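Novice: 3D, please:
(2 chains)
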Amino acid sequence: MTISNNLFFSKILYKNIYNLDASIIGNLNDVLIDSSAVKPTVTAIEVKNGKRLFYINCEALQIYRERKDTYTLQLTSQQITFTAPPENAIFLAKDVMDRQIIDINGRKVERVNDIRIGLINQNWSIIAADIGLRGLLRRLGFEYLGIILSSFFNLQFHNKLVVWDEVQPLISNRDNLKLNQPINKLMTMHAADIADIIEDLDKQAQIQLFSSLDTEQAADVLEEVESDVQIALLEQLPIEQAADVLEMMPQDEVADILEEIPDQTAQKLLIEMEEHISEEIRELMEYDDRTVGSLMMTDLMCFDKDESVQSVLKQLRANQPEEDISHFVYVTDNRKLVGVISLMNLIQAKSSRVLRTLMHTDVVYLQDTDKIEEAMETMQKYNLMLLPVVDENDELIGIVSLIDIVYEYIRLKKVDV
Amino acid sequence: MREKIRLRWDKMLYVLGIIGPGIITANAGNDAGGIATYATVGAKYGYKMLWGLALITIGLAVVQEMNARMAVVTGKGLSDLIREKFGVKLTLFAMTILFIANFGVVLGDFAGVAASMELFGVSKYISVPLVAAFVWILVSKGSYVKVEKILMLFTFAFFGYIISAFMVRPDWNQVAVSVVTPSFPLEAGFILTFIGMIGTTITPYMQFYLQASIVDKKLGLKDYKYEKMDVYIGSIWSNIVQFFIIVCTAGALFYVAQPQIIDSAASAALALRPLAGNNAFILFGAGLFGASVLAATIIPLSTSYAICEAFGWESGVDYTAKEAPAFFGIYSFIIFISAGLVLIPNLNLMNLILSTQQIAGVLTPIILTFMILLVNDRRIMGKYVNSKVQNFIAYITVGAIVSVTIALVFAQFIL
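Specialist: Predicted coordinates:
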């Protein structure tokens, strides 16, 4: 009989706890954990005696290993402080076991079949989640049958463990949407991966995870998830928060999303958003979805023909436009599109020159009412990835990228079929 | 004004978008097993079980409302919730029950395929392997959604029973009296048929399927009032169809000079004669075939999803068999083994169909018990736990099915 400092939680769950005089005080019904730390630790033990529940200090319990995988739970001191669990206490068996977690490295949603706990600095901590078949069999009491069977086929029956550092649990209380532990482990992941994970979660976990992202990351993720999940997320998020996220997204995407959700909700969101953004989105929503106008980005870099190179560069530095839309700078005269300058030319030019003396005046452009097919043809003909878009008065109102055009083209093809 | 009309129209479209899972699920209960069972009820016992059907309708509506509520409150499937509350051992138990019941229902549906095609003179050794292969490909390719609608159309054939029911001129007074007058002879045959009627109306798979479809639709609490309507309408509508099947077969086959016992699909089709004359076989055969293939497609798939969900295994038709072995294994097993069993020579198909429903009936209370415990857990449902009335009806439903099963054992072995 040795003192154990590393074991599977299922091996001690519901086991009898012996008092100093070898009498049974009850069974280990669950343990309370402090989930705010990155490595959660056990804070107290819930003991069940008949119908009665009470709580003992974690330090008062010693775990002995009898033989292979049999454990005895022994109290080591009479000095047990009986503490009632705090409201919103998190339990290992009730809230973590059998629940879904995110395996950060594997980028997948998994179910916890068992939990490896270990003694670190005198504290019992959660070390790893068991997500494999062996964990399932262990819970059923068939672990050794599995081992014998697989050795019969000359196979090693491994445990499938995910180290807790690479686990993002999804523990939360029913009544509030906040997750009960830091979400920072997810922050390093790419938005597209987070989007995949969110799609795999159930509705409640989806909204919990999503609302704990910061606004910028939330916007990136929302852009990547499937449209039915987009709608579900927006409808559940508090309206101010949803509006904040939408403000960070490309306006053509926002217009697409808002067209899909019930009118009333869309209007509420638009009212909540900053006025200059919501106005542009409203305009985009007016367009038929087979036209260039529905796809264009309205946050573009355009400057008056009389501005100097120096002032333009200064503004570019200050505004930091997205890289993929800043290869060209468009020149306007009284809002009318009159010329275009490549970013390269702009950088090479003397800082005192004004745009009108640098620009090309034969600009290829699209009308906002042009069909998507026409836009594709024009882009193919002139080998351009980006084109400016003008309205019926020749005023510059946006730009459209080849990527968005192709994406929409494929989508419409699918819808038609 | 125009704006107002538009808003109302939008709202209607929205509500129509929510409605569906309840109606579809309840009507899916009218599969081969359902039709055979209700037809037998009418042909063998006349109106004697109509009171039972009325009570089962109430039970079904309450149970399905619980599913809808759990789906909108938690956004989780039934097997997810069972795993999270009850742990691995009880989950294995629940999933084994579900698997046995669903395997039985699919077996019944392949028997339905065989029986319906025999009406058209096609041997079961040809029809069943072909349909099994067809169903397996449909499921594996994930293209069953398109075919689903076509198969649904076939099942409209059963509405013929409603018209037929009026054409046989039943004694409506007697019908009405039977609905409110319970009669329950302690006789094994009667009790067994009664359990079959319960089993085919409140099938275990329906609870999993309904909850999953509402979760898939991403419906939330604000859609709850429409979804509630959906499940209530669905339960009542499907049981109205069942009511007329019983009245029709009772009128055509039981309350006549020479009562007929339904021992084959051909005799069940006879009840449609008043409506369709000599085409009754075609009408019944088409309906039975469509309903059987539909159920044989949906049930293996939904079983696979439920079990994989519970144990955290990869699931979905987007995965390859190597990536999701359990998912592919489960539905392939159900399809091919049940189809294979139907091919055993000299099988009475009608009896096979009926007994699979009776097995489902015996297993139903187990799944219902899991549901009642879940829906009353405040940790899961918050303030949306069952009301006293809902619990009363739910417990009565479970208690009644269990008592009927005990009565069967009693009648079988002691009397």
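
Novice: would you map out the domains in chain A?
Specialist: Segmentation of chain A into domains, based on automatic domain parsing, reads A:2-91, A:189-286, A:302-416.

Novice: next SSE downstream of the longest helix along chain B?
Specialist: Counting by DSSP state H, the longest helix found in chain B is helix B:78-119. Once the chain leaves helix B:78-119, the next helix or strand it forms, by DSSP states H and E, is helix B:124-141.

Novice: what comes up buried for that next one?
Specialist: B:Lys124, B:Ser127, B:Val128, B:Val131, B:Ala132, B:Val135, B:Trp136, B:Leu138, B:Val139, B:Ser140 (16 or more other CB atoms under 10 Å in any protein chain shown). (C-beta placed from N, C-alpha, C; glycine too.)

Novice: and what of stretch B:384-401?
Specialist: Across stretch B:384-401, burial judged by 16+ other CB under 10 Å covers B:Tyr384, B:Val385, B:Asn386, B:Gln390, B:Asn391, B:Ile393, B:Ala394, B:Thr397, B:Val398, B:Ala400, B:Ile401.

Novice: coming back round to it: would the longest helix of chain B count as contacting chain A?
Specialist: Yes - on the criterion CB under 8 Å from any CB of the partner chain, helix B:78-119 is in touch with chain A at B:Asp80, B:Arg83, B:Glu84, B:Gly87, B:Val88, B:Lys89, B:Leu92.

Novice: which residue is the nearest non-sequential neighbour of the fourth one?
Specialist: Right, B:Gly87. Leaving out its chain neighbours, the residue that sits closest to B:Gly87 by CB to CB, 6 or more residues apart in numbering or on different chains is A:Asp98, at 6.0 Å.

Novice: dump the residue contacts of that neighbour.
Specialist: Going by CB atoms under 8 Å, 6 or more residues apart in numbering or on different chains, A:Asp98 touches A:Arg111, A:Val112, A:Asn113, B:Arg83, B:Glu84, B:Gly87, B:Val88.

Novice: where does the chain dip in pLDDT?
Specialist: Picked chain A for this. A:38, A:78-83, A:87, A:171-184, A:414-417 (pLDDT under 70).

Novice: meant chain B actually
Specialist: Low-confidence segments of chain B (pLDDT under 70): B:1-19, B:26-29, B:143-145, B:148, B:257, B:264-265, B:276, B:414-415.

Novice: tell me, how many residues neighbour the closest residue to chain A within the stretch 251-400 of chain B?
Specialist: Among the residues of the stretch 251-400 of chain B, B:Gly312 lies nearest to chain A; the distance is 2.9 Å by CB to the nearest CB. As a burial measure, B:Gly312 scores 23 neighbours (other CB atoms under 10 Å in any protein chain shown).

Novice: how about B:Gly340?
Specialist: By other CB under 10 Å, the residues close to B:Gly340 number 14.

Novice: ok, the one 5 residues further on next?
Specialist: B:Pro345: 6 surrounding residues under other CB under 10 Å.

Novice: quick check: it vs B:Ile337, distance?
Specialist: In this view, B:Pro345 and B:Ile337 are 17 Å apart by CB to CB, to the nearest Å.

Novice: quick one: the strands in the stretch 251-400 of chain A?
Specialist: Secondary structure of the stretch 251-400 of chain A by DSSP state E, counting those that start in this stretch: the strands cover A:302-304, A:328-333, A:336-342, A:366-367, A:386-390, A:396-401.

Novice: and the helix or strand just after the last one, how far from the chain's centre?
Specialist: Looking back up the chat, that one is strand A:396-401. Moving toward the C-terminus from strand A:396-401, the next helix or strand (DSSP H and E) is helix A:402-416. The chain centroid and the centroid of helix A:402-416 are separated by 26 Å, computed with CA atoms, centre = their mean, to the nearest Å.

Novice: just to revisit the earlier point, how close does the residue of the stretch 251-400 of chain B closest to chain A get to B:Leu98?
Specialist: To B:Leu98, B:Gly312 is 16 Å away according to CB to CB.

Novice: how about A:Val96?
Specialist: 26 Å.

Novice: who has more neighbours out of those two?
Specialist: Taking neighbours as other CB under 10 Å, A:Val96 and B:Leu98 compare with B:Leu98 leading, 26 against 23.

Novice: surely that one and B:Ala306 touch.
Specialist: Yes - B:Leu98 is within contact range of B:Ala306, at 6.2 Å (criterion: CB atoms under 8 Å).

Novice: mutual contacts of these two, please.
Specialist: In terms of CB under 8 Å, 6+ apart, B:Leu98 and B:Ala306 are both contacted by the residues B:Ser79, B:Phe208.

Novice: from the centroid of chain A, which residue is nearest?
Specialist: Geometric centre of chain A, nearest residue: A:Ile194, 3.9 Å, by CA atoms, centre = their mean.

Novice: tell me which element that one is part of?
Specialist: Assigned by DSSP H and E, A:Ile194 belongs to helix A:191-200.

Novice: ok, now B:Tyr226?
Specialist: Element membership for B:Tyr226, per DSSP H and E: helix B:224-249.

Novice: of all the contacts of A:Asp98, which comes closest to B:Trp51?
Specialist: Using CB to CB, B:Arg83 comes nearest to B:Trp51 of the contacts of A:Asp98, at 38.1 Å.

Novice: residue ranges for the strands of chain B, please.
Specialist: Applying DSSP state E to chain B gives no strands.

Novice: before we move on, the earlier item: measure the residue nearest to B:Gly87 to A:Asp220 for me?
Specialist: The gap separating A:Asp98 from A:Asp220 is 32 Å, by CB to CB.

Novice: so which bits of chain A are right by chain B?
Specialist: Taking CB under 8 Å from any CB as the contact definition, chain A meets chain B at A:94, A:97-100, A:110-111, A:113, A:131, A:136, A:139-140, A:174-175, A:202-206, A:228-229, A:231-232, A:235-236, A:262-263.

Novice: 7 Å - rerun?
Specialist: A:98-99, A:110-111, A:131, A:136, A:139-140, A:174-175, A:202-204, A:228, A:232, A:235-236, A:262-263 (CB under 7 Å from any CB of the partner chain).

Novice: please, a ChimeraX command that selects the buried ones among the residues you listed?
Specialist: To isolate the buried subset of those in ChimeraX, counting by 16+ other CB under 10 Å, use the following:
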select /A:98,99,110,111,131,136,139,140,202,203,204,232,235,236
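
Novice: quick one: which of the residues of chain A next to chain B sit in helices?
Specialist: Short answer: the residues of chain A next to chain B in helices (DSSP H) are A:Leu136, A:Arg139, A:Leu140, A:Lys203, A:Gln204, A:Asp228, A:Ala232, A:Glu235, A:Gln236, A:Asp263.

Novice: around chain A, pick out the residues from the stretch 301-415 of chain B.
Specialist: B:Phe311, B:Gly312, B:Arg379, B:Gly382.

Novice: OK, contacts around A:Asp252?
Specialist: Contacts for A:Asp252 (CB atoms under 7 Å, 6 or more residues apart in numbering or on different chains) come out as A:Leu284, A:Ser294, A:Leu295, A:Met296, A:Met297, A:Asp404.

Novice: let's see 10 Å
Specialist: Contacts for A:Asp252 (CB atoms under 10 Å, 6 or more residues apart in numbering or on different chains) come out as A:280-281, A:284-285, A:287, A:293-298, A:398, A:400-401, A:404, A:408.

Novice: now A:Ile239
Specialist: A:Ile239 makes contact with A:Thr265, A:Lys268, A:Leu269, A:Ile271, A:Glu272, according to CB under 10 Å, 6+ apart.

Novice: go on, A:Ile347?
Specialist: Residues in contact with A:Ile347 (CB under 10 Å, 6+ apart) are A:Val309, A:Leu313, A:Leu316.

Novice: any chance of these in JSON lines, with distance to B:Gly196 too?
Specialist: Putting those into JSON lines (distance: CB to CB, whole Å) gives the following:
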{"residue": "A:Val309", "distance to B:Gly196": "86"}
{"residue": "A:Leu313", "distance to B:Gly196": "82"}
{"residue": "A:Leu316", "distance to B:Gly196": "77"}
